[in-house]
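Colleague: Here is my input, please return the structure:
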Amino acid sequence: MNYHGFHDAELIGIDCPLDSCVILRFKLVNEDREEVVLEKVRSIRICDFIGQNVVSRLLDSSLAESGCLNFDDKVEWLYTLSDGTRLINDDAMDEIKRGVGNGSFRLFVLEPSWGAELVCLCDR
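Modeller: Alright, predicted model coming up:
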C-alpha cells in the first residue's frame with residue numbers, strides 16, 4: 001500500500017477485533033475513508049489519542065521505500081514506557097531491531113502532526 005495520500009489525514013478509529021489484528025481507520029483530506037489492517041500483531045503502543053489525530057506520515061518497514069530508514073528509535077519507543085521503564089531486556093530489543101532491519105518483522109509507524117502517535121510490531 002502507498003501511504004503518500006495519508007499526509008494530513010485524520011486517524012478516526014482503532015479496532016482490535018482479534019488478539020493479533022488491529023484496524024486503523026482514517027479520514028483523508030479529500031474526505032475519503034481508508035483502513036489499514038495490521039495482522040500478526042506482536043506489540044503495539046499508542047500515545048495521545050485525542051479528539052483530533054492528524055498524520056504527518058505513515059512509515060512501514062515492509063515497503064521498499066523504507067529501506068533507507070532506521071527504525072531503531074521507534075522500536076525503543078515501542079518498548080519503553082513514559083517513565084523510562086523498559087518492557088523487554090537488551091537482548092530481546094536487539095533481536096527485534098535486527099528483525100525489523102532484515103525484514104523478519106514489520107514495523108508500522110504513525111508519526112503525528114497532532115495527537116496520536118503509534119508504533120506496531122508485526123510478525124511477517
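Colleague: Now do the helices in this structure.
Modeller: Shown for the chain, the helices assigned by DSSP state H span residues 72-78, 90-102.
Colleague: of those helices, which approaches Trp114 most closely?
Modeller: helix 72-78 (17.8 Å; CB to CB). Any C-beta I mention is one placed from the backbone N, CA and C, and that applies to glycine too.
Colleague: Isn't Arg106 up against Asp60?
Modeller: Yes - between Arg106 and Asp60 there is a contact under CB atoms under 8 Å: 6.9 Å.
Colleague: any idea how far Tyr3 is from the residue of the chain most remote from its centre?
Modeller: Distance from the C-alpha centroid of the chain, by CA atoms, centre = their mean, peaks at Asn30 (22.8 Å). Noted for Asn30: a distance of 15 Å to Tyr3, by CB to CB, to the nearest Å.
Colleague: again with Arg98
Modeller: Arg98 is 24 Å from Tyr3, by CB to CB.
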